[in-house]
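K.L.:
sequence unknown, structure follows:
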DNA sequence: CCTTGTTTGCTATAACATAGCGTTGTTTTG
DNA sequence: CAAAACAACGCTATGTTATAGCAAACAAGG
């Protein structure tokens, strides 16, 4: 099973887990939460993994269609809500899109770097902002998304 | 909601502008950009100021209605796009809402602290993340929104 | 088996946003 | 000034994103 357990990976670099590993991880997280990793959820999570980047709910719905008959929006949104609740998927707010989460966020928020040229997304643990939050403000959840150009696309443009 | 006792800024580099000042500022920024501050735009900007916090496009549309006959969505969205382009309004992504901007962001992004109890929003200049961005990534725009409980609401809950 | 709660499918509708076209009004220019 | 060019606005229509609510199927435990 996992020779690469993401256990408490506080490194800042992306851990490139294989698709199988990501699926296994999802299954394990579900079990740990006493939730069911049903065939439908597995199917949808697989599509999210295959997307390998942010994907929109209705695009997911289209991908689901061939094997699934004629799924309706709630089918997808329910799964997305489920995975989001477990921290397995994040919503990218400014894209109205969803993306699998490879990190263990032990109380950390995710921070995304989104290349608008190649559409690739890098996820990090959010940097600690504690110095600059308003006095007494208690943060429950943060949305941190940076849009721009990744190193490759910047180089290619030059 | 009159002028609240919070202020919108904690001794940062910025002045808590009155509504008149904010309107004047908008007018000036338009002029500086060679854009027209038309009666419609003034009306809509006034509603945004009065909202004194994030407001949704269709709520704005409702507020516009009494004086304006029967405005359609594009009327509001065009104005919002216009103000956003000039940096006078920000979109709060995770709320699908819009809020006037009191700061001069000379190349800085805005950072919002949104109290989910009282719905008040504090805006700051974004903290500098330069240490923790992926190597070579060039940020064009950042979305930084923190959701939680402001000092008053935290105190009130205790 | 029976009860309880969860998951799924479905219809319907709500909420958010833009495309595109014609008209009006302002600015520019010959 | 007149004509051309452009910006702003109103409107119809449609596209996109997301949820409410109900009934059937299904799992889990006594």
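P.N.:
Okay, I see it. In this text the structure is predicted, and so the values were computed from the model without any measurement.

K.L.:
show me what contacts the closest residue to residue A:100 other than its chain neighbours?
P.N.:
Nearest residue to residue A:100 in three dimensions, chain neighbours excluded: residue A:48, at 4.9 Å (CB to CB, 6 or more residues apart in numbering or on different chains). Every residue, glycine included, has its C-beta placed from N, CA and C. Contacts of residue A:48 were listed using CB atoms under 8 Å, 6 or more residues apart in numbering or on different chains, and they are A:55, A:60, A:83, A:89, A:98-100.

K.L.:
Show me what secondary structure element comes after the lowest-mean-pLDDT helix or strand in chain A.
P.N.:
Lowest mean confidence among the helices and strands of chain A (mean pLDDT, DSSP states H and E): strand A:121-125, at a mean of 92. Where DSSP states H and E defines the elements, the next helix or strand beyond strand A:121-125 is strand A:138-149.

K.L.:
Going by neighbour count, which residues in the helix or strand just after that next one are buried?
P.N.:
Tracing the chain C-terminally past strand A:138-149 and defining elements by DSSP H and E, one meets helix A:151-157 next. Along helix A:151-157, the positions that meet the burial threshold by neighbour count (16 or more other CB atoms under 10 Å in any protein chain shown) are residue A:153.

K.L.:
Next to chain B, which bits of chain A? Give me the list.
P.N.:
Chain A comes close to chain B at residues A:12, A:93-94, A:111, A:113, A:115-116, A:122, A:124, A:127, A:129, A:131-152, A:154-155, as judged by CB under 8 Å from any CB of the partner chain.

K.L.:
Repeat the analysis, applying 7 Å as the threshold.
P.N.:
Contact residues (CB under 7 Å from any CB of the partner chain) of chain A with chain B: A:12, A:93-94, A:113, A:122, A:124, A:127, A:129, A:132-151, A:154.

K.L.:
hmm, which of those are the buried ones?
P.N.:
Among the residues of chain A next to chain B, those that count as buried by neighbour count (16+ other CB under 10 Å) are A:93-94, A:113, A:122, A:124, A:127, A:129, A:133-134, A:137, A:139, A:142-150.

K.L.:
about what we covered before: contacts for the least confident helix or strand of chain A next, please.
P.N.:
A:12, A:14, A:53-54, A:99, A:101-103, A:105, A:108, A:110-114, B:132, B:134 (CB atoms under 7 Å, 6 or more residues apart in numbering or on different chains).

K.L.:
could you redo the last one with a cut-off of 10 Å?
P.N.:
Residues lying outside strand A:121-125 but in contact with it, judged by CB atoms under 10 Å, 6 or more residues apart in numbering or on different chains, are A:9-14, A:52-54, A:90, A:92, A:95, A:97, A:99-115, A:144-146, A:150, B:129, B:132-134, B:137.

K.L.:
which ones among these are found in strands?
P.N.:
Within these, membership in strands is found for A:90, A:92, A:97, A:99-100, A:110-115, A:144-146, as judged by DSSP state E.

K.L.:
Quick check: of the residues you listed, which has the highest neighbour count?
P.N.:
Within the ones in strands among the contacts of strand A:121-125, neighbour counts (other CB atoms under 10 Å in any protein chain shown) peak at residue A:114, which reaches 28 neighbours.
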